[in-house]
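>>> got a predicted model here, sequence first, then my questions.
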Number of protein chains: 2
Amino acid sequence: MYRTHNCNELRINNVGEEVTLSGWLHSSRDFGGMTFIDLRDRYGITQLVFSMDDDAEMCERARKLGREYVIQVTGIVRERSNKNPNRSTGDIEIEVKSLEVLNSSKTPPFTIENETDGGDELRMKYRYLDIRREPVKENLIFRSRCSLEVRKYLGDNGFIEVETPFLIKSTPEGARDFIVPSRLNKGQFYALPQSPQTFKQLLMVAGMDKYYQIVKCFRDEDLRADRQPEFTQIDCEMSYVHRDDILDTFEGLTKHIFKTLLDVELPDFPKMDYDHALKYYGSDKPDVRFDMKFHELNDLMKGHGFSVFDDAELVVGINAEGQCGNYSNKDIKKLTEWVQRPQIGAKGLVYVKYNDDGTIKSSVGKFYSEEQLKEWLGRFDAKPGDMLLILSGETDKTRKQLGELRLEMGRRMGLMKEGDFKALWIVDFPLLEWDEEEGRFFAMHHPFTAPKKDEIDKMMSGDFETLKNLKADAYDLVINGAEIGGGSIRIHDRELQAKNFTLLGFTPEEAEKQFGFLMGAFEYGAPPHGGIAFGFDRLCAVMNNQNSIRDFIAFPKNNQGRDVMIDAPDTVDQVQLDELGLELKGEEED
Amino acid sequence: MYRTHNCNELRINNVGEEVTLSGWLHSSRDFGGMTFIDLRDRYGITQLVFSMDDDAEMCERARKLGREYVIQVTGIVRERSNKNPNRSTGDIEIEVKSLEVLNSSKTPPFTIENETDGGDELRMKYRYLDIRREPVKENLIFRSRCSLEVRKYLGDNGFIEVETPFLIKSTPEGARDFIVPSRLNKGQFYALPQSPQTFKQLLMVAGMDKYYQIVKCFRDEDLRADRQPEFTQIDCEMSYVHRDDILDTFEGLTKHIFKTLLDVELPDFPKMDYDHALKYYGSDKPDVRFDMKFHELNDLMKGHGFSVFDDAELVVGINAEGQCGNYSNKDIKKLTEWVQRPQIGAKGLVYVKYNDDGTIKSSVGKFYSEEQLKEWLGRFDAKPGDMLLILSGETDKTRKQLGELRLEMGRRMGLMKEGDFKALWIVDFPLLEWDEEEGRFFAMHHPFTAPKKDEIDKMMSGDFETLKNLKADAYDLVINGAEIGGGSIRIHDRELQAKNFTLLGFTPEEAEKQFGFLMGAFEYGAPPHGGIAFGFDRLCAVMNNQNSIRDFIAFPKNNQGRDVMIDAPDTVDQVQLDELGLELKGEEED
């Protein structure tokens, strides 16, 4: 037996017992005749003591052990004279009677501590050492506990987990697929699923009623920071439901995991219209941990000779409460440069400072009277000490820019508090988005999303403007400004689905070739249905107040889609390509 | 709201309530003034009643509804005059007050009944209709419940579920990989995992201690019946364990799921040596629901002038107890032909019939005296009415042939009883298998399997014969003659792993290129570890006394690796191949 206990099990009431422990040498300290070793495993740390007086040979051996050596010791639990109240095993130590080295270790390339000296690439290359670090290990344990709680909750609520296939068919609509050449069907390819969307709908046609799956999905996109080519979804679908049946179910799920994993009781989630979210937060995933809502100012600001505002489609601002005193002219200049960065793209920034003494200072003071500026302040219910920040331009862009500025101000003002969780539903998304460049509609959610019931007639016969304004029965769950999940009521009628494909620019032949199996299934008694999918990696990160999903993934890929630990992707043998009937085009790159 | 109750919820105590139900029209019957409809959903069936007297218009509409129409009804629960005790809702029916058709249905291509008239290909093409059938639906629900119980058990026992990547690296050792061309790294390929083997070992190096995952694995093999290119494993690994720690844990898991899902209490699992299994059952996955063990007969049968036996390496037989009277000469001839089929490949079959009257009849009676035949019968403890069946030839082949015959006799004699579950561990597998054709060793389990501890020295320095006889610390779980899972204690020492790769014919460079990341990890404090993987599809089938895994998979592929429902694999656009830097060789097939 390698151990009688783990390294987080022994307490003061075990004193006197003979025990065997195994683990990693976390650290060691020599004090003349005594050597102390902190022995670590997944569960915790226990202190070992070796004494020159008791067993000089063994104590000498212990002194030579390096960090991360794997050892097994047997000894007697004794009370520590010098207790460590910060450690669960801090009352005791092990007086070692025998020591066996199970494996040696080279010196790790970075320290196995909460704060490590290893950079990102080094940590990824030696991910098996990085995971030994408490924060990464705890993230993975959290993820495991979370997925189990999700399953228990959905299982208790009558959901069936069904595994859908990974080797499916490529559909050019949406993101780019990873494809998999078939050897048995040469010249043909499977595709890895971007999501199990069509299969979960088929499961509804199949009468499964309530489906879920925690499942890997794949997108061959150009990777941005915090995107992964493979990611995990909590994927769900329900039959005989309206929108609110789905929202209630998954609000319940979300509350359950916050309660069980974080002991946080989330209040009921408000529902906010997509249009409202854009108008007041400049985003379809507003962070409502803080207010700082937009106020539109066209009526007050246009027509007074300030051409920037006069020519703008929208003038809109926020009130950075109490920030007047914090921003010198120089600071304002820096903030202006911040909104002018290409990532934000604003042309300029107008401020109105409401000084503590009641005076008002603005970058556009020469165009507007004190009365007018006061009227603006009134619009925001501004108090002395507040500072208005105003952007203008084309409506959609300006809202987006001000949304970014609002978030930045929220960060600077410390309004995004750790442990404060604000969840809400965004509802009533548009059904279709017009793409000027391609001159066609795209599905805002995906091609299977139903319009709201009272918009079906408009969809079947509407003109361009009507179509542009169609509302979908689609919804997103947003927590602290992060999109956690999204879904919709689906089309379950062949004719309506065919119409949607037509609106999206499919010929009937293309629609049939790619999605004929689904439209065919709709002819055999498809029930009304809808669903949702949560981004599981993101959910875990948000629940732990972390920005990056990468440390919730055991073996993530870097921004070039590489696993630097195993060095994948890699070249393959020519014989493998021959069997698949493939050849590389032109020069092989390496 | 589409429903207040599902179709398996209403009972006699609901009589008088107004309810709303939705579901599929399972069947309907007209009786003059009354129309009865069985309404079906995932949960059950509820009877609806329409009456010409009450509402002629609605009753007429109800009569026109076809099978599998999706309808919603509101009505009053009332007691049935003609109760159906075989149905949970059989005491009540719904007197329908309003009827809405939610969707129509074409006539299904096969009947949605337990016994269907649909052939396999048709069922697969319309899998979404096939799943509506009770047996398939129940299989999928069983699978879901089983996976949840597995997770609960392992979670309760300290296991962490960690998702390992799907886009990994191709390793020619083992079965053929599916490969995935990388667009961001042109000319390079990911591979889909045949198992998470190396990753779970890295997780042990990472200190995760107890890992599991229920995970899809992929093998691009020529498909035999009941093989799938993608299949699911319950994949596990533990640190600081010896073999029996692992066996105890997964025996506990197996007992748990049999108890919770089937209410079957499995007794402790015996351990049987691989050598013993082959010697007495001719198989490393013996079905021990019945005895019929082999008896070796070389000492009795050789040297008496019967050249077939004299020239054979092994003469071995079984006793088909009580079967003497069931086999006429013609039947014996048929049985002989059965063992001579190419799938079995025996040269002939010798029988000894111990007639009820005490006389003995044998196909080799002229070579052996009555005394000698009696001595044989004694070896088997045969009684009058028994029948010995004897094969001879090369040892390994003959054992395998007799193993098949034993199973066939077990089937014919009704000894494989449904609901009788016999689980056992097969242990002490050989480490290496010599392949005559390729002139090299292959790993019997996989290249990461450790030899038994006391064989390590022999492995490092042994000659050919020694190597051939090395025992691995490997084990299989067998239930009712099906291999449910297998695993081993792993090598955790770089030098031993390198030696194993050398024995398996890898050059040091090849070993480093393919598995350098793992051997490198072993240098940073790899703990002793081992694990196991269960074939989840097979486990579900065996627990339900079914032979085929296909009906425990929602959307299986056929023997050509095709999903005939969605018609995958399929051709892809040239632009997709261009982006990947690939071209098809020669003529494109379709």
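Thanks, I have the structure now. Model, not experiment: these values are computed from the prediction.
>>> check which residues of stretch A:470-490 are buried.
Going by neighbour count (16 or more other C-beta atoms under 10 Å in any protein chain shown), the buried part of stretch A:470-490 is A:470-481, A:483-490. Quick note: C-beta positions are derived from backbone N, CA and C, even for glycine.
>>> quick one: contacts for the closest residue to chain B within the stretch 351-500 of chain A?
Relative to chain B, the nearest point of the stretch 351-500 of chain A is A:His492 (6.3 Å; C-beta to the nearest C-beta). A:His492 makes contact with A:Met204, A:Ala450, A:Phe522, A:Ala526, A:Pro527, A:Pro528, A:His529, B:Asn103, according to C-beta atoms under 8 Å, 6 or more residues apart in numbering or on different chains.
>>> three-state assignment of the first one?
When you say that, I think you mean A:Met204. helix (DSSP: H, G, I helix; E, B strand; the rest coil).
>>> which residues touch it?
By C-beta under 8 Å, 6+ apart, the neighbours of A:Met204 are A:Tyr211, A:Glu237, A:Met238, A:Ser239, A:Arg490, A:His492, A:Ala526, A:Pro527, A:His529.
>>> doesn't A:Asp209 make contact with the fourth one?
Yes - taking C-beta atoms under 8 Å as the definition, A:Ser239 is a contact partner of A:Asp209 at 5.0 Å.
>>> between these two, which one's more packed in?
Counted by other C-beta atoms under 10 Å in any protein chain shown, A:Ser239 and A:Asp209 do not tie: A:Ser239 has more neighbours, with 28 against 23.
>>> could you give the bridge partners of A:Gly75?
A:Val19, A:Val96 (DSSP bridges).
>>> ok so A:Ser147 is a helix residue?
Yes - under three-state DSSP, A:Ser147 falls within a helix.
>>> quick one: low-confidence parts of the stretch 101-250 of chain A?
Within the stretch 101-250 of chain A, the stretches with pLDDT under 70 are A:173.
>>> just the strands in it please.
A:160-161, A:179-181, A:189-191, A:210-218, A:230-239 (DSSP state E, counting those that start in this stretch).
>>> let's have those strands in a markdown table, adding distance to A:Thr111.
As requested, those are exported to a markdown table (distance: least, C-beta to C-beta, whole Å):
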| stretch | distance to A:Thr111 |
| --- | --- |
| strand A:160-161 | 40 |
| strand A:179-181 | 41 |
| strand A:189-191 | 43 |
| strand A:210-218 | 32 |
| strand A:230-239 | 30 |
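>>> out of those, which is closest to B:Ser182?
strand A:179-181 (10.9 Å; C-beta to C-beta).
>>> which strands and helices sit next to that closest one?
In this structure, strand A:179-181 makes packing contacts with strand A:189-191, strand B:179-181, judged by 3 or more C-beta pairs under 8 Å, 6 or more residues apart in numbering or on different chains; DSSP states H and E.
>>> closest point of the stretch 251-400 of chain A to chain B, which residue?
Closest point on the stretch 251-400 of chain A to chain B, by C-beta to the nearest C-beta, is A:Thr260, at 12.5 Å.
>>> and for that residue, the neighbour number?
Neighbour tally, A:Thr260, other C-beta under 10 Å: 16.
>>> which SS state does it fall under?
helix.
>>> thinking again about what came up before, looking at the strands of the stretch 101-250 of chain A, which is closest to A:Glu9?
Here strand A:210-218 is closest among those (C-beta to C-beta), at 30.8 Å.
>>> in the stretch 301-450 of chain A, where is pLDDT below threshold?
Checking the stretch 301-450 of chain A against pLDDT under 70 turns up nothing.
>>> correct me if wrong: A:Ile552 contacts A:Arg143.
One thing to correct before we go on: residue A:552 is Phe, not Ile. Yes - using C-beta under 8 Å, A:Phe552 is in contact with A:Arg143, at 5.4 Å.
>>> anything in contact with each of these two?
A:Cys540.
>>> quick one: the strands in the stretch 451-590 of chain A?
So, for the stretch 451-590 of chain A - with DSSP E, counting those that start in this stretch - the strands run A:474-479, A:482-489, A:529-535, A:582-584.
>>> now those in CSV, with distance to chain B?
As requested, those are arranged in CSV below (distance: least, C-beta to the nearest C-beta, whole Å):
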stretch, distance to chain B
strand A:474-479, 18
strand A:482-489, 12
strand A:529-535, 10
strand A:582-584, 5
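>>> for A:Arg3, grab the count of nearby residues.
Around A:Arg3 there are 19 residues (other C-beta under 10 Å).
>>> which SS class is it?
coil.
>>> wait, it touches A:Glu9, no?
No - proximity of A:Arg3 to A:Glu9 does not meet the contact threshold set by C-beta under 8 Å, at 9.4 Å.
>>> that older thread, specify which member of the contacts of A:Met204 is nearest to B:Asp226.
A:Tyr211 (25.4 Å).
>>> partners of the closest one in the sheet?
Applying DSSP bridges, one finds that A:Tyr211 bridges with A:Ile160, A:Glu237.
>>> tell me how many other residues crowd it.
29.
>>> quick one, what contacts it?
A:Phe159, A:Ile160, A:Glu161, A:Val162, A:Lys200, A:Leu203, A:Met204, A:Cys236, A:Glu237, A:Met238, A:Gly531.
>>> what's the closest non-adjacent residue to the fourth one?
The one in question is A:Val162. B:Ala554 (4.9 Å; C-beta to C-beta, 6 or more residues apart in numbering or on different chains).
>>> A:Leu203 versus the one you found, what's the distance?
7 Å (C-beta to C-beta, to the nearest Å).
>>> again, but for A:Ile456
Counting by C-beta to C-beta - A:Ile456 and A:Leu203 are separated by 24 Å.
>>> with neighbour numbers in mind, choose between the two.
For the pair A:Ile456 and A:Leu203, the greater number of neighbours falls to A:Leu203 (28 against 16), based on other C-beta under 10 Å.
>>> need the contact list for the more buried one.
A:Val162, A:Thr164, A:Tyr211, A:Glu237, B:Tyr128, B:Ile131, B:Ala554.
>>> tabulate the residues you listed (a markdown table), appending distance to B:Leu431.
Formatted as a markdown table, the contacts of A:Leu203 follow (distance: C-beta to C-beta, whole Å):
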| residue | distance to B:Leu431 |
| --- | --- |
| A:Val162 | 39 |
| A:Thr164 | 38 |
| A:Tyr211 | 44 |
| A:Glu237 | 47 |
| B:Tyr128 | 47 |
| B:Ile131 | 44 |
| B:Ala554 | 38 |
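>>> can you tell me which of these comes closest to B:Asp570?
Using C-beta to C-beta, the contacts of A:Leu203 come closest to B:Asp570 at A:Thr164, 17.4 Å.
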